[in-house]
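Chemist: need the 3D shape of this:
(4 chains)
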There are 2 protein chains.
Amino acid sequence: MAANKTLNGLEAQSAQARDRLLDAAERLFCEKGFDRTSVRDLTRAADCNIAAVNYHFGGKGNLYIQMFHRQMHRMMDRHREVIVRLTSTPGATLEDLLRGVVSQPLKQLERNDPSSAVMKLMVREVLNQHIGKDEILGSMKNEFFTMLGDAIRSFCPTLSLRNTQMLFFSLDALVIHPVLFSDFYLEVIPDLDIDGIIEHTVKVAAAGIRAYAGGGD
Amino acid sequence: MAANKTLNGLEAQSAQARDRLLDAAERLFCEKGFDRTSVRDLTRAADCNIAAVNYHFGGKGNLYIQMFHRQMHRMMDRHREVIVRLTSTPGATLEDLLRGVVSQPLKQLERNDPSSAVMKLMVREVLNQHIGKDEILGSMKNEFFTMLGDAIRSFCPTLSLRNTQMLFFSLDALVIHPVLFSDFYLEVIPDLDIDGIIEHTVKVAAAGIRAYAGGGD
DNA sequence: GACAATTTCAAACAAGTGTTTTATATTTTT
DNA sequence: AAAAATATAAAACACTTGTTTGAAATTGTC
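Modeler: Numbering: from 1, shown residues only, chains lettered A, B, ... in the order given. Presented below is the predicted three-dimensional model:
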């Protein structure tokens, strides 16, 4: 593949167009989606020739997927770090774990981090079904699933696997919702406070979990 | 407008193409989305000429919006009925209200009702931002919001407005999530049971509400 | 510096898009 | 039945799309 440089330290120069293209893709695809972002839009934003997309990535679709993978890995790395840290902290409670997991994406929302835009795009893409969900999520889905599931069960050992799975989905629901529909939140609650959302989400999620586990710490 | 017939009883014959177009739109747009459904796809499915879309609706975009309104009104009518019925039932509990509201869309999911496809499409469209969210939701959003909010507060009078709003969002999150990601649910829990999801959702939502209201019925 | 590989470029390609046009049926009204 | 309004039809229009081409420029290697 022409995309793989010689990696001898001077690649930065020759790989510039490729990276600029990835950056432009990240921005434009998140803004307008796949269909409404043309190759000409991308190359104009990356300041390179139209043919560059096909030369470096072999097509618009591949550029899309590569951009996705780059961002998804960044997100997962952050999540991994948070969960590992919280589960290895001695006096931590269930609420602390939930707060850590929930804060991660919601704090990104607060400071307009591009990651939350990618999160939205990811959901969009799964719903649009233009590319297979496994193509985006790959193995990360299962890893995150079991990692967080185990963490929750370490706090509530009485939870069955089935209930843990359902509670995982509910937690996902509670976190994703404000990320997706932050506009609505702001419309209804003009003085929106991200920390307030975080505490609310932790409260509801913890209540849901304890409704199954019976208040056991 | 040519679309408005003389309404003298014989319109059914002449309005056929228009209705067939709306039906085809409902099906194709839900399947493939707006961008990936061409006017030629629509007219082929409705068995009429390409120009019919522009003649009857004045463009592809208007057909999309009209299809949306028709479906949204159907959905809202059903929701209205459920809430009114539950709030006027003497011995009903908070769980009964929640079960009624939650069952509505989830039961549709169970029997592959086109309404759940439209629900997915609605979220897709809000995320895609191709048409303004107010154009889809219109006044229904606020109506449903206050209607359900009041119903919840009738069971938990101690709830503040702010907390009710946040809990409304959380309830929405818990209901929408399985509708959007039913594929994931099925993947993780192969013997997926809709009634189980309903009871789970009611349990978590009620626990969240009671976490604020302090167990007050 | 010379040769080879890599990257960039302008132009063209083939296919698909929504919409408009113009003419022809069909229906409704007079 | 004649005239007017409405609906359908095939074709063309103007435009955008992703991709390919073949030559020019740049870069790395000997």
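
Chemist: give the burial count for A:Arg80, as a bare number.
Modeler: A:Arg80 has 14 neighbouring residues, counting by other Cβ atoms under 10 Å in any protein chain shown. Every C-beta, even on glycine, is put in place using the N, C-alpha and C of the backbone.

Chemist: cool, A:Asp35 as well?
Modeler: Neighbours of A:Asp35 (other Cβ under 10 Å): 15.

Chemist: so what's it up against?
Modeler: By Cβ atoms under 8 Å, 6 or more residues apart in numbering or on different chains, the contact set of A:Asp35 is A:130, B:35-36.

Chemist: and these, which of them are in helices?
Modeler: With helices defined by DSSP state H, no entry of the contacts of A:Asp35 lies inside them.

Chemist: and the nearest residue to A:Ala92 once chain neighbours are set aside, what element?
Modeler: Using Cβ to Cβ, 6 or more residues apart in numbering or on different chains and skipping residues adjacent in sequence, the residue nearest A:Ala92 is A:Leu86, 5.6 Å away. Secondary structure assigned from DSSP states H and E places A:Leu86 in helix A:60-87.

Chemist: for DNA strand C, tell me whether that helix is touching it.
Modeler: No. Helix A:60-87 does not reach DNA strand C (Cβ under 7 Å from any atom of the strand); its nearest approach is 13.3 Å.

Chemist: name the helices or strands packed onto that helix?
Modeler: Using 3 or more Cβ pairs under 8 Å, 6 or more residues apart in numbering or on different chains; DSSP states H and E as the contact test, the elements touching helix A:60-87 are helix A:16-32, helix A:39-46, helix A:52-57, helix A:94-110, helix A:114-128, helix A:133-137, helix A:140-155.

Chemist: quick check: domain ranges of chain A?
Modeler: Annotated domains of chain A cover A:12-58, A:68-213 [automatic domain parsing].

Chemist: mind checking the pLDDT average for the first one?
Modeler: It refers to domain A:12-58. Mean pLDDT, computed over domain A:12-58, is 91.

Chemist: now stretch A:159-166
Modeler: On average, stretch A:159-166 scores 93.

Chemist: need the residues that contact that stretch.
Modeler: So stretch A:159-166 is contacted by A:149, A:152-153, A:167, A:209, A:212-213, B:188-189, B:196-197, B:200 (Cβ under 8 Å, 6+ apart).

Chemist: now the buried members of those residues.
Modeler: For these, a neighbour count by 16 or more other Cβ atoms under 10 Å in any protein chain shown gives the buried set as A:149, A:152-153, A:167, A:209, A:212-213, B:188-189, B:197, B:200.

Chemist: so which of these comes closest to DNA strand D?
Modeler: Nearest to DNA strand D among the buried ones among the contacts of stretch A:159-166, counting by Cβ to the nearest atom of the strand, is B:Val188 at 33.5 Å.

Chemist: and A:Glu143, what does it touch?
Modeler: Applying Cβ under 8 Å, 6+ apart to A:Glu143 gives the contacts A:Met76.
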